[in-house]
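**Q** Sharing a model prediction with you, sequence too.
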Amino acid sequence: METWFRRIFLSALAMISLGSPAAQAQQSIYEPEVERREFNEADIDSENFEIGAFVGVVSIEDFEQDTVVGARLAYHISENLFVEASAGFATAGQTSFEVLSGGAPFLTDEERDYTYYDLSVGYNINGEVFVTDSLVLNSDFYLLVGGGSTEFGGDDRFTISVGGGYRLLLTDYFALRLDVRDHIFNSDLIGEEKATHNLAYSVSATFFF
């Protein structure tokens, strides 16, 4: 009888203790109610190909500057490394000798066509642009080095290309690029053969797919 009474007493005491503020506080420490936040993952394309067209100016050594247009196709191997094929087309202006002498043209119209093709390896340096407190755009500075061919003055010359640029991703599939490249090849059009530096500055719009 005494044992049965003691059990009832201890059970009642335990129920009273659990209802006290101290017990409730202790219980809340061991069993917290954490509010979960819901996140929506951004729908970012994972496509690795980038294609686009560009327009700019090219400064052909010993000739006048002219408009250059072309296209690019790149494959992004990783977040930082990519390979890119590009082609550009321009028409060379006059040499300083032609301008000053006023004589016969130094090159024919066909020989003034300036066309180059190259294949480059590029490296991205990733960054971000904070437009507003709620709008952040991804961006890249990139460096390029490659080789290819230049057709100019009736010759087809092996060409080394080096340069860099800046890419701003406006959406997950559309980007704007500013680019500068030096196309270096040997030429003997106006005398002894020498290495010529032909700088091209361009702006392009590209799409990822």
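**A** Yep, it's here.
**Q** what's the neighbour count on Tyr116?
**A** For Tyr116, the number of neighbouring residues by other C-beta atoms under 10 Å comes to 25. C-beta coordinates here come from the backbone N, C-alpha and C atoms, glycine included.
**Q** And for Thr150?
**A** 24.
**Q** tell me the contacts of it?
**A** Tyr114, Thr115, Tyr116, Asp156, Arg157, Thr159, His183, Phe185, Asn198 (C-beta atoms under 8 Å, 6 or more residues apart in numbering).
**Q** Give the buried subset of those residues as a ChimeraX selection command.
**A** The buried residues among these can be selected in ChimeraX (16 or more other C-beta atoms under 10 Å) with this line:
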select :114,115,116,157,159,183,185,198
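**Q** quick one: which of the contacts of Thr150 is nearest Leu144?
**A** Nearest to Leu144, judged by C-beta to C-beta, of those is His183 at 11.5 Å.
**Q** now for the contacts of Thr150, which pair is the farthest apart?
**A** Taking C-beta to C-beta, the two most distant members of the contacts of Thr150 are Asp156 and Asn198; they sit 14.8 Å apart.
**Q** next helix or strand past the helix or strand bottoming out on mean pLDDT in the chain?
**A** Within the chain, confidence by mean pLDDT, DSSP states H and E is lowest for helix 21-30 among all helices and strands, at a mean of 51. Per DSSP states H and E, the first helix or strand lying C-terminal to helix 21-30 is strand 49-59.
**Q** Can you give the contact residues for that next one?
**A** Contacts of strand 49-59 (C-beta under 8 Å, 6+ apart): 65-76, 82, 84, 88, 90, 114, 175, 177, 179, 198-209.
**Q** ok, of those residues, which come out buried?
**A** 68, 70, 72, 74, 76, 82, 84, 88, 90, 114, 175, 177, 179, 198-202, 204, 206, 208.
**Q** re earlier: what is the nearest of the contacts of Thr150 to Asn124?
**A** Nearest to Asn124, judged by C-beta to C-beta, of these is His183 at 21.7 Å.
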